[in-house]
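Asks: Quick one: sequence plus predicted model below, questions after.
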Amino acid sequence: MSFFIAGAVIIFLSSVSSLFFGRKGDWASRVGGLGTVIGSAIALIPPLQVLLKGGVLSLQTEWSIPFGTFFIQIDSLSAFFLLPILVLCALAAVYGIDYLKAYQTHRNLGPVWFFFNLLLVSMLVVVTARNSLLFLIAWELMTLASFFLVTFEHHRPAVRQAGFLYLLAAHIGTAFLIIFFVLLGSRTGSADFAAVPKIPSMAADILFVLAVIGFGIKAGFMPLHIWLPHAHPAAPSHVSAVMSGVMIKTGIYGLVRTICLLQTPPAWWGWTLIILGAVSGLLGALFASAQQDLKRLLAYCSVENIGIIALGLGTGLLGIHQNHAALAVLGIAGGLLHVLNHAFFKGLLFLSAGSVLHSTGTGQIDRLGGLMKQMPWTAAAFLIGAVAVPGIPPLNGFFSEFLIYLGLFKKGINSGLETVIAVLLTVGGLALIGGLALAAFTKAFGIVFLGSPRSASAQHAHEAGPLMKTSFLILAMLCLLLGLFSPRLIYVLRPVLLSLTGLTNEAIQIELVQASSILSQIVKVAVLFGLLAGGLFLVRIRLLRGRRVESAVTWDCGYAQPDSRMQYTGTSFTQFLADLFGRLLPTRKNIASPTGFFPNSGQYSEETDDSCEKYLFRPAARQIVRLSAKLQWLQHGRLQVYILYIALALWILLIWKLM
Amino acid sequence: MNSAVDLILIFLILSNLALLGLSRLGACIRVAALQGVALGLLPLFLVESGPAAHQLFFSALLIGLKGIVFPWLLTVVLREIQVQREIEPFIGYGSSLAFGTVFLIVSLWLGSRLPLPASMQSGLIVPSAFFTIMSGFFLIIARKKALTQVLGYLVLENGIYAFGAALSENQPVLIELGILLDLFAAAFVMGIAVFHINREFEHIDTDKLSGLRT
């Protein structure tokens, strides 16, 4: 535990001291980045210890705040979430040192590092806190720190708007969480987290709903996700990597912790999570494929992956309820492992997308192209991430989804017709999510990195700096290694599963051994396939030796003067999806079709809005504004009358109390 | 002992009524200053065994600030902006005094209802503190000039201080210092703000500032 505290303190100290170096070139980055790396490395020791050796580390001291005790604890669940937080934040910090260099001449970098490290510390506390007050304080700190990071480029109006939306959404979530913790505390009789003794199912249901909304806003479940596609593109790329990779996972952590505390989930909790997950996954992937902005695409992809995680957890809950060991173990294991996997591959994608943004200055997919030649490392890293997202073996995105599939199939094999249909629908949904994600990332990779440059800025792109390259290449390696070692990795979750599912150690072990043996076969085949591809590549090199290799224009379909603008665009790539799901994707098309025999000009462009934002939140907001307008007579800008309101309220309360 | 405390408290009540009824700003500032001095003396008479050294120091500080520094600051501002009296307040002086009597009655009632520790030096102390707080609020609400509002805040704080003095013989010095610091900053900022408002708009009527809304 002392290592963990020491690490957190180092990170915090470096956060404060980077403030003093803000105006001194990149010293703020050095101080902040180095502090994060060293602090994370030290803080990583206790969680690893807990995961490998088992046991629980805790620290509890008195605190002068009412109801508060400074109570932190690293059990297997906390340790499992600490792992990606620490690794990804350290790598993102290394990346940030290079990434922020472009700003150091005209911006004070002190605050960026201050808030970045503060975000890390607050996340560490969030996943270890065992006292509701401490949790809420850390949660709020996390929100505020990330808000200031999102609004880093606050001179752009769109960024300010995104920041405001994020702040608003996060605080609505916190409001639900405050109610949640107050109710929870009144049930357990203490503000410390403790398993809730038998409570009426009604109360447990209310708590569950509050948790799903409160934590769901942070995690980004589908109708609650609207801040995500705005905030992630607005933030600097290493911050988006952290926010999307691990910060939104604190929402998942909160939900899992809640389920731990409430125990004995009824069936509808599972179904709620499955439906939420399927909707988030499907729509997230669909919206991702329709986006024109690279980072917005990645943001929607986060919604999709959060959906997969929720789906896994939901099936797990259903398994616990029905006492079906395979479904319970594999569903929850799949969901939780996807947290880890998504943290790494989404971090990888955001970092490599960030280096595209950094060198070309634009994230508009249709203005990029052909970047593979100028940025081979970035392209390789992005490719690995893009292959991991839809779950292609042997990369890490595959095996977590595979566990969920496996659990569902095992459930489906020997049960009644209704269950089979439900299981098949879930499996189908999961498969559709994977397919759509594949389409989205084929588009992203193909249009951005292949072909030829579509604009001058894409033409003059340059490879990322050494630190940026190092950090995303390490992440790419991690994605590959996690995938290759997945048959062993899944055993790490045994203690978590033990406390969550309430099954015996043997039952869990049986399921994990079976899953592990299947996974190891798949990994073997995938490695064989990789070796085969490598062998073929060697053969190609051999055959080409001594021959002349020419390069020619790619898109020369018999045109006299091929132009880079004749290439496929991202829009045209996903047009079939836009047409197929036209109802769900409110796409605004702007067409000026060419007319006559010798047309002068023609134009086509389209923009896809968020359907939840357009059909759900904007009308709701309009109604609220309309209703509030009726109360405007209260608000007329006279200071004296405002003070009168306050004074009256205070006096009436006092008199009423003393009556 | 007790009679001295009562004397101070009655002075407190009377000075509040005076503030409600006065229109000349200079006179208002002087009355508020006298009120501050009286309040500074109050804790010295509240302790049975004679004041301790730190209480003496604190009283001196309080009298220095409320009796000399704030009035001096406000007088300087007053001279700069050349405004003599509050014209057309939201609530006229006659009705202000009427409100004042209502406040006094409510305060006396509150004082009789409020459960308090038994060791009270004087039965008047809670009602007069409440009355001072209410008067401060009333001054802020009913007057237009920024300067009168600063005075209102000062009076409000005087009331809070009197209440605090009533509740504990050994006041935590830190809390008192905190309040004073707040107030000092507030008076300072308001003084500067009043000056600048006057320079920009050639009046200090806060109700006209609402025209700045966009």
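Replies: Right, received. Where do you want to start?
Asks: Please name the residues that touch the residue nearest to the spatial centre of chain B.
Replies: The structure's chain B has its C-alpha centroid closest to residue B:155; by C-alpha atoms, centre = their mean the separation is 1.4 Å. Neighbouring residues of residue B:155 by C-beta atoms under 8 Å, 6 or more residues apart in numbering or on different chains: B:16, B:19, B:32, B:35, B:132, B:135-136, B:139. Bear in mind the C-beta positions are built from the backbone N, C-alpha and C, glycine included.
Asks: Pick the one among these closest to residue A:632.
Replies: Taking C-beta to C-beta as the measure, residue B:139 is the one of these closest to residue A:632, at 27.9 Å.
Asks: helix, strand or coil for the closest one?
Replies: When classified by DSSP: H, G, I helix; E, B strand; the rest coil, residue B:139 comes out as helix.
Asks: Tell me who's in contact with it.
Replies: Contacts of residue B:139 by C-beta under 8 Å, 6+ apart are B:19-20, B:148-149, B:151-152, B:155.
Asks: Check residue A:426 too.
Replies: By C-beta under 8 Å, 6+ apart, the contact list for residue A:426 reads A:274, A:278, A:311, A:315, A:408.
Asks: and if you look at residue B:16?
Replies: Contact analysis of residue B:16 by C-beta under 8 Å, 6+ apart lists B:35, B:100, B:131-132, B:135, B:155.
Asks: For chain A, see how far away it is.
Replies: 15 Å (C-beta to the nearest C-beta, to the nearest Å).
Asks: does that residue belong to a helix or a strand, and which?
Replies: helix B:2-21 (DSSP states H and E).
Asks: could you give me the average pLDDT of that helix?
Replies: Averaged across helix B:2-21, the pLDDT comes to 87.
Asks: ok, now stretch A:481-497?
Replies: Across stretch A:481-497, the average pLDDT comes to 86.
Asks: same thing with stretch A:283-298?
Replies: 89.
Asks: end to end, how far does it reach?
Replies: Start-to-end span of stretch A:283-298 (C-alpha to C-alpha, to the nearest Å) is 13 Å.
Asks: From the chain's centroid, how far away is that stretch?
Replies: In this view, stretch A:283-298 has its centroid 14 Å away from the chain centroid, taken as C-alpha atoms, centre = their mean, to the nearest Å.
Asks: who in chain A is up against chain B?
Replies: Within chain A, the residues that sit near chain B (C-beta under 8 Å from any C-beta of the partner chain) are A:636-641, A:643-644, A:647, A:651, A:654-655, A:658-659.
Asks: got the residues you listed as CSV, with distance to residue A:7 and neighbour count columns?
Replies: Converted to CSV, those look like this (distance: C-beta to C-beta, whole Å; neighbours: other C-beta atoms under 10 Å in any protein chain shown):
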residue, distance to residue A:7, neighbour count
A:636, 53, 10
A:637, 50, 12
A:638, 53, 15
A:639, 49, 16
A:640, 53, 19
A:641, 53, 15
A:643, 49, 16
A:644, 52, 17
A:647, 50, 18
A:651, 51, 17
A:654, 49, 15
A:655, 54, 13
A:658, 53, 13
A:659, 56, 6
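Asks: how about TSV for those, with secondary structure added?
Replies: TSV is the format used below for the residues of chain A next to chain B (three-state DSSP):
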residue	secondary structure
A:636	coil
A:637	coil
A:638	coil
A:639	helix
A:640	helix
A:641	helix
A:643	helix
A:644	helix
A:647	helix
A:651	helix
A:654	helix
A:655	helix
A:658	helix
A:659	coil
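Asks: State the pair within the contacts of residue B:16 that is farthest apart.
Replies: Greatest spatial distance in the contacts of residue B:16: B:35 and B:100, 14.3 Å, computed using C-beta to C-beta.
Asks: So for those two, which sits in the more crowded spot?
Replies: residue B:35 (28 against 21; other C-beta atoms under 10 Å in any protein chain shown).
Asks: Can you verify that one is assigned to a helix?
Replies: Yes - assessed with three-state DSSP, residue B:35 lies in a helix.
Asks: Who are the contact partners of it?
Replies: Taking C-beta under 8 Å, 6+ apart as the test, what residue B:35 contacts is B:11-12, B:15-16, B:19, B:66, B:132, B:155, B:158.
Asks: Residue A:41 reaches residue A:90, doesn't it?
Replies: Yes - at 7.0 Å, residue A:41 and residue A:90 qualify as touching, with contact defined as C-beta atoms under 8 Å.
Asks: and those two? which has more neighbours close in?
Replies: Remark: of residue A:41 and residue A:90, residue A:90 carries more neighbours, 23 against 15, as counted by other C-beta under 10 Å.
Asks: quick one: pLDDT of that one?
Replies: Note for residue A:90: predicted pLDDT of 93.
Asks: So it is in contact with residue A:35, correct?
Replies: No - the pair residue A:90 / residue A:35 is not scored as a contact, 10.3 Å apart, by C-beta under 8 Å.
Asks: Off-centre distance for stretch A:420-439?
Replies: Worked out by C-alpha atoms, centre = their mean, stretch A:420-439 lies 20 Å from the chain centre.
Asks: Buried subset of the contacts of residue B:35 as a ChimeraX selection?
Replies: This is how ChimeraX selects the buried members of the contacts of residue B:35, with burial counted by 16 or more other C-beta atoms under 10 Å in any protein chain shown:
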select /B:11,12,15,16,19,66,132,155,158
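Asks: Nearest spatial neighbour of residue B:128, chain-adjacent residues omitted?
Replies: The shortest distance from residue B:128 to any non-neighbouring residue, by C-beta to C-beta, 6 or more residues apart in numbering or on different chains, is to residue B:9 (4.4 Å).
Asks: residues near that neighbour, how many?
Replies: With other C-beta under 10 Å as criterion, residue B:9 counts 26.
Asks: Could you check how far it is from chain A?
Replies: 20 Å.
Asks: List the residues that contact that residue.
Replies: Shown in contact with residue B:9 (C-beta under 8 Å, 6+ apart): B:42, B:122, B:124-125, B:128, B:162.
Asks: which of the residues in the helix or strand hosting residue A:302 are buried?
Replies: Assigned by DSSP H and E, residue A:302 belongs to helix A:294-322. Residues A:294-321 are the ones in helix A:294-322 that count as buried (16+ other C-beta under 10 Å).
Asks: where's residue 99, which helix or strand?
Replies: Defaulting to chain A. Per DSSP H and E: residue A:99 is located in helix A:76-99.
Asks: my bad, the chain I had in mind was chain B
Replies: Taking DSSP H and E as the definition, residue B:99 sits inside helix B:93-113.
Asks: If we go by neighbour counts, what in that helix is buried?
Replies: For helix B:93-113, the neighbour count (16+ other C-beta under 10 Å) marks B:96, B:99-100, B:103-104, B:106-108, B:110-111 as buried.
Asks: any idea which of the residues you listed is closest to residue A:478?
Replies: Of all the buried residues of helix B:93-113, residue B:110 has the smallest distance to residue A:478: 67.5 Å, by C-beta to C-beta.
Asks: Identify the spatial nearest neighbour of the closest one, chain neighbours not counted.
Replies: Nearest residue to residue B:110 in three dimensions, chain neighbours excluded: residue B:130, at 5.3 Å (C-beta to C-beta, 6+ apart).
Asks: Please name the residues that touch the residue lying closest to residue A:216 once chain neighbours are set aside.
Replies: Once flanking residues are discounted, residue A:216 sits nearest to residue A:224: 5.0 Å by C-beta to C-beta, 6+ apart. By C-beta under 8 Å, 6+ apart, the contact set of residue A:224 is A:169, A:173, A:213, A:216-217.
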